[in-house]
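**Q** Sequence and predicted structure below; questions after.
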Amino acid sequence: MSTFTPKKASADIGVYGLGVMGANLARNLARNGYATAVFNRTPARTDKLIAEHGDEATFVPASTLPDFVASLRTPRVAIMMVQAGPSTDAVMGQLA
């Protein structure tokens, strides 16, 4: 497991949740010119995205939720790619 500590306010947008849809959304944003912060509660998914696609564009990987939030420029914009329902509510609470 890698430990990513991003520079503060270095990402234009963030993607929380790096399953198939989240990882592809993050790649699309990054390849279209947005410095994209990425975070997943399972660090192996962040590691995999960066190992396989980190050289495609500007990714800002984070190992912790506080680092993920700190890496976003204000006003902070984050897209949550998690299951609907209680999972979404839990992530919204964490991010708030």
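**A** Alright, I've got the coordinates.
**Q** residues of the helix or strand of the chain with the lowest mean pLDDT that come out buried?
**A** The weakest-scoring helix or strand in the chain, judged by mean pLDDT, DSSP states H and E, is helix 86-95 (a mean of 88). Counting neighbours by 16 or more other CB atoms under 10 Å, one finds that the buried residues in helix 86-95 are Val91. (Glycine included, C-beta is placed from N, CA and C.)
**Q** Stretch 14-31: how far from the chain's middle?
**A** 7 Å (CA atoms, centre = their mean, to the nearest Å).
**Q** what ranges of the protein fall below the confidence cut-off?
**A** Scanning the chain for pLDDT under 70 picks out 1.
**Q** where do the helices sit along it?
**A** Ranges of helices in the chain, per DSSP state H, are 20-31, 43-53, 65-71, 86-95.
**Q** okay, those in TSV with distance to Gly14 next?
**A** Output for the helices of the chain, formatted as TSV (distance: least, CB to CB, whole Å):
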stretch	distance to Gly14
helix 20-31	9
helix 43-53	12
helix 65-71	6
helix 86-95	9
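**Q** Mind checking those for the one nearest to Ala37?
**A** Across the helices of the chain, Ala37 has its closest neighbour in helix 65-71 (4.5 Å, CB to CB).
**Q** Tell me how far the residue nearest the centre of the chain lies from Pro86.
**A** By CA atoms, centre = their mean, the mean C-alpha position of the chain lies nearest to Val38, the distance being 1.7 Å. Going from Val38 to Pro86 by CB to CB, to the nearest Å gives 23 Å.
**Q** likewise Val77?
**A** For Val77 relative to Pro86 (CB to CB), the value is 23 Å.
**Q** List the contacts of the nearest residue to Arg76 once chain neighbours are set aside.
**A** Once flanking residues are discounted, Arg76 sits nearest to Val69: 6.8 Å by CB to CB, 6 or more residues apart in numbering. Applying CB atoms under 8 Å, 6 or more residues apart in numbering to Val69 gives the contacts Gly14, Arg76, Ala78, Leu95.
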